[in-house]
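1. generate a structure from the sequence data that follows.
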Amino acid sequence: MHLMAVGGVHIDDPDALSKLAQLEGDRWLADDRRTWTLYRSATTAHAFLHAWNVGHAPEVPEADRQYWREISDLPLSCIYGDGGYARFPVADDGEIVLDAGSTRPEKIARAEALGFRVPR
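-> The predicted model follows:
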């Protein structure tokens, strides 16, 4: 579990995928899982969770865990929401944030209510 940050929604939170699904829909979550499983797509929440887990495995020295993206060897960019419109960058500490410029104001309000940070 993340230790460096407090607040927000983090990729390693037990309910992170559930919160994303509350925002993007259950179909999105199923598609995200399928796209990761079949194609190893690096724009899925499952890819980021996999990368986080690989980069924070017990055998990875604590000092190297900050390089979790590189350790995973996946070309990570951001998590794509339903239809690829909303963008969710994942910070170095694992926090999932919503890019305010990638979505509508009503989704921003719902995201904030679920605990996501939305920088403007």
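
2. for the rest of this, base every contact and every neighbour count on C-alpha atoms.
-> Will do.

3. low pLDDT regions in the protein?
-> Along the chain, the parts satisfying pLDDT under 70 run over 1-6.

4. select the longest helix from it.
-> Ranked by residue count under DSSP state H, the longest helix found in the chain is helix 26-39.

5. identify all contacting residues around that one.
-> Residues outside helix 26-39 that contact it (C-alpha atoms under 8 Å, 6 or more residues apart in numbering) are 17, 20, 21, 41, 42, 44, 45, 46, 47, 81, 82.

6. TSV for those residues, including neighbour count, distance to residue 96 and secondary structure?
-> TSV is the format used below for the contacts of helix 26-39 (neighbours: other C-alpha atoms under 10 Å; distance: C-alpha to C-alpha, whole Å; DSSP: H, G, I helix; E, B strand; the rest coil):
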residue	neighbour count	distance to residue 96	secondary structure
17	19	10	helix
20	23	9	helix
21	18	13	helix
41	20	17	coil
42	20	15	coil
44	24	12	coil
45	25	9	helix
46	22	13	helix
47	24	13	helix
81	24	12	coil
82	19	15	helix
